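Participant: Could you work out the structure for the sequence below:
(2 chains)
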2 protein chains.
Amino acid sequence: MVDESRLAIHQVTLRDQWSFRECVEGLARHGVRQTAVWRDKLHEVGVEEGAKILCDNDMRVTGLSVGGLATSPDAVEWQAAVDDNRRVLEEAALIGADHVVTISGGLAADSTDLDGARERTLEALARMLRDTRGSGVKIGIEPLHPMMCANRAVLCTLEQANDWCDMLGDDESVGIVVDTYSVWWDPNMEREIEEAGSRICAFHVNDWLRDTRDLRLDRGMPGDGVIDIPAIRRAVERAGYHGACEVEIFSARNWWRRDPDEVVRIIKDRFRQHV
Amino acid sequence: MVDESRLAIHQVTLRDQWSFRECVEGLARHGVRQTAVWRDKLHEVGVEEGAKILCDNDMRVTGLSVGGLATSPDAVEWQAAVDDNRRVLEEAALIGADHVVTISGGLAADSTDLDGARERTLEALARMLRDTRGSGVKIGIEPLHPMMCANRAVLCTLEQANDWCDMLGDDESVGIVVDTYSVWWDPNMEREIEEAGSRICAFHVNDWLRDTRDLRLDRGMPGDGVIDIPAIRRAVERAGYHGACEVEIFSARNWWRRDPDEVVRIIKDRFRQHV
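Facilitator: Numbering: from 1, shown residues only, chains lettered A, B, ... in the order given. Prediction:
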């Protein structure tokens, strides 16, 4: 069984119920001491105020979500994304985040150039690495499920994430985010988690629902789906990761509509049994 | 540009508009000489009558869809699936099909045992191989998109399909079906298509829509989505495959609601430009 002190709850899990302050105070009230911050929510209160709220509540910040999204073949758009990534790294440092959750972005409008999008993402990651060096904030690259390839993430697998880390060649400032939802189907999952080893900087948990109705916003609570989450947790532990297990659930039809205190209670309950 | 004589249209593309007979006669009327047969439709007319309709219309049959679906941990259910696969192979022989399109099946109800489901699928494929030897009908194993892993196919990638073919160890009776929709996102796609080589027994074409609304029944017409289909066609040609390019579109919200003659005309038009 997993140690309960490892529980983190990602702010996005309560996206529609709680403001930034309500979320931090609410999690603290329930004894949850770690969270990942959703950037849109942070901007609602401002970075300085957000940092103060986190500090006042003694809340540890795992990741700031999200950076990346730099695949555009348009040079001006691509540069704007790179510049925005510099800001997200600065914000992460100001709130004491361990890493920026970095997703690659999908294909630009009207583009079918997947190889090109992947090349531009790698170039953007190299820029982010230069910008973050010395700040103590890691770039946590997260492969998303292949069904997100067109719209959100041309980085689709752990194998590809490991290859990219090799190419980026920096073991200090780049890490890999393992999300159960994105990797559970992958025949190479165990091998690539082992390969990732000390690169693993975050472990996101949520479940795949059999009756998934939306490609992005219909993730399940641990225990409600088909993923053997404890088996994946044990694999990341064998690889050397013993940090936070972050419950992150995008759920427009269910969990975003429920009473937030009830959601947190259910998460704590499920965490014991299904993570 | 692709030779138009390579066009095949899978019956399922006109699932809701045409009966078995209407489909075979309709395709022939439009000069399409190859089709893949949807087993439910074949059963509507009966195998003998179906074979006669195909023969009368001088229609070549690529694949019979679908076989496989043998992942159950319940021994009786699993055996029933194996027995049914024997029948589908016999039916394929009777209608002169080149192969049975074989998908693995997903996880059984309440199961999270992905490894077990994969093992049982492999065992079922080994049985099918014994049953088909000498009949001239191939087992065409088709990896589906990873988003189908829970419900339809624990076989998710071309790499896994190649590994399974190695394990099955029969180059005569087992082949691989490459479907653009299932493989386009895969960073290892080109390498694994090359590895598949002469194993490739079918090439299915359809497109990934950016606004995909359903995980199974919302595929796109070539040209309406983000897949560089000609690049994948050239890859399978480099691997040695020069057979039919089969348009196969599951589309509950669009193509299954359109006039079938119009659909066939659009397919022929798109085939020239986008396959």
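Participant: Can you list the residue ranges for strands in the stretch 101-250 of chain A?
Facilitator: Secondary structure of the stretch 101-250 of chain A, counting by DSSP state E, counting those that start in this stretch: strands at A:138-141, A:174-179, A:200-205, A:245-247.
Participant: And the second one, what does it pack against?
Facilitator: In terms of contact count using 3 or more CB pairs under 8 Å, 6 or more residues apart in numbering or on different chains; DSSP states H and E, strand A:174-179 is assigned the packing partners strand A:99-103, strand A:138-141, helix A:158-168, helix A:189-196, strand A:200-205. In short, each C-beta sits where N, CA and C put it, glycine included.
Participant: Also the last one?
Facilitator: Under the contact definition 3+ CB pairs under 8 Å, 6+ apart, strand A:245-247 sits against strand A:7-10, strand A:200-205, helix A:260-274.
Participant: Try it again at 7 Å.
Facilitator: Judged by 3 or more CB pairs under 7 Å, 6 or more residues apart in numbering or on different chains; DSSP states H and E, strand A:245-247 is in contact with strand A:7-10, strand A:200-205.
Participant: right, so of these, which gets closest to chain B?
Facilitator: Closest approach to chain B among the helices and strands packed on strand A:245-247 (CB to the nearest CB): strand A:200-205, 13.8 Å.
Participant: Partner strands of the closest one, with direction?
Facilitator: strand A:174-179 (parallel), strand A:245-247 (parallel) (DSSP bridges).
Participant: which of these sits most buried?
Facilitator: Burial of the strands paired with strand A:200-205 is given as mean neighbour count (mean count of other CB atoms under 10 Å in any protein chain shown); strand A:174-179 ranks first at a mean of 27.
Participant: Need the contact partners of it.
Facilitator: Strand A:174-179 has contacts (CB atoms under 7 Å, 6 or more residues apart in numbering or on different chains) with A:99, A:101, A:129, A:138-142, A:161, A:165, A:168, A:193, A:196, A:199-204, A:236.
Participant: And stretch A:8-16, by the same measure?
Facilitator: Stretch A:8-16 is contacted from outside by A:23, A:27, A:32, A:34-38, A:41, A:62, A:65, A:244-250, A:255-256, A:260, A:263-264, A:267, using CB under 7 Å, 6+ apart.
Participant: cool, stretch A:193-204 as well?
Facilitator: A:62-63, A:98-99, A:138, A:140, A:158, A:162, A:165, A:175-180, A:233, A:235-236, A:238-241, A:243, A:245-246, A:248.
Participant: try stretch A:257-269
Facilitator: Under CB under 7 Å, 6+ apart, the answer for stretch A:257-269 is A:7, A:9, A:13-14, A:17-18, A:26-27, A:30, A:32, A:221, A:247, A:255.
Participant: still on that earlier bit, need the strands paired with strand A:200-205 in JSON lines (columns: mean pLDDT).
Facilitator: Shown next, in JSON lines, are the strands paired with strand A:200-205 (pLDDT from 0 to 100):
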{"stretch": "strand A:174-179", "mean pLDDT": "98"}
{"stretch": "strand A:245-247", "mean pLDDT": "98"}
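Participant: and residue B:50, which of those strands is closest to it?
Facilitator: strand A:174-179 (46.1 Å; CB to CB).
Participant: Now the closest one - C-alpha only, CSV.
Facilitator: Output in CSV follows, covering the C-alpha atoms of strand A:174-179 (Å, rounded to 0.1, in the frame of the first residue of the first chain):
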residue,chain,number,x,y,z
VAL,A,174,15.0,17.8,-17.7
GLY,A,175,12.7,15.1,-16.3
ILE,A,176,9.8,12.9,-17.4
VAL,A,177,6.2,13.0,-16.1
VAL,A,178,4.6,9.5,-16.1
ASP,A,179,0.8,9.7,-16.3
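Participant: contacting residues around stretch A:87-104?
Facilitator: By CB under 7 Å, 6+ apart, stretch A:87-104 touches A:36-37, A:39, A:42, A:47, A:50-51, A:54, A:61-69, A:71, A:121, A:128, A:131-132, A:135-142, A:144, A:152-155, A:175, A:177, A:201-202.
Participant: Show me the beta-bridge partners of the spatially most central residue of chain A.
Facilitator: Closest residue to the average C-alpha location of chain A: residue A:101 at 4.7 Å, with CA atoms, centre = their mean. Beta-bridge pairing for residue A:101 (DSSP bridges): residue A:65, residue A:140.
Participant: rewinding a little: which one of the strands paired with strand A:200-205 lies nearest to residue B:75?
Facilitator: Of the strands paired with strand A:200-205, the one closest to residue B:75 (CB to CB) turns out to be strand A:174-179, at 35.0 Å.
Participant: Out of the contacts of stretch A:257-269, who's the most crowded?
Facilitator: Highest neighbour count within these: residue A:13, with 28 neighbours (other CB atoms under 10 Å in any protein chain shown).
Participant: a helix runs through that one, doesn't it?
Facilitator: Yes: with DSSP: H, G, I helix; E, B strand; the rest coil as the criterion, residue A:13 is part of a helix.
Participant: tell me the pLDDT at it?
Facilitator: We have a pLDDT of 98 for residue A:13.
Participant: Now do the residue nearest to the centre of chain A against residue B:170, distance only.
Facilitator: Here the criterion is CB to CB, to the nearest Å. By it, residue A:101 lies 45 Å from residue B:170.
Participant: same question, residue A:10
Facilitator: 48 Å.
Participant: More neighbours: those two, which one.
Facilitator: Counted by other CB under 10 Å, residue A:10 and residue B:170 do not tie: residue A:10 has more neighbours, with 27 against 15.
Participant: Neighbours of residue A:55, how many?
Facilitator: Around residue A:55 there are 13 other residues, counting by other CB under 10 Å.
Participant: Quick check: which helices or strands does whatever helix or strand it lives in pack against?
Facilitator: Assigned by DSSP states H and E, residue A:55 belongs to helix A:47-56. Where contact means 3+ CB pairs under 7 Å, 6+ apart, helix A:47-56 is packed against helix A:20-29, helix A:75-94.
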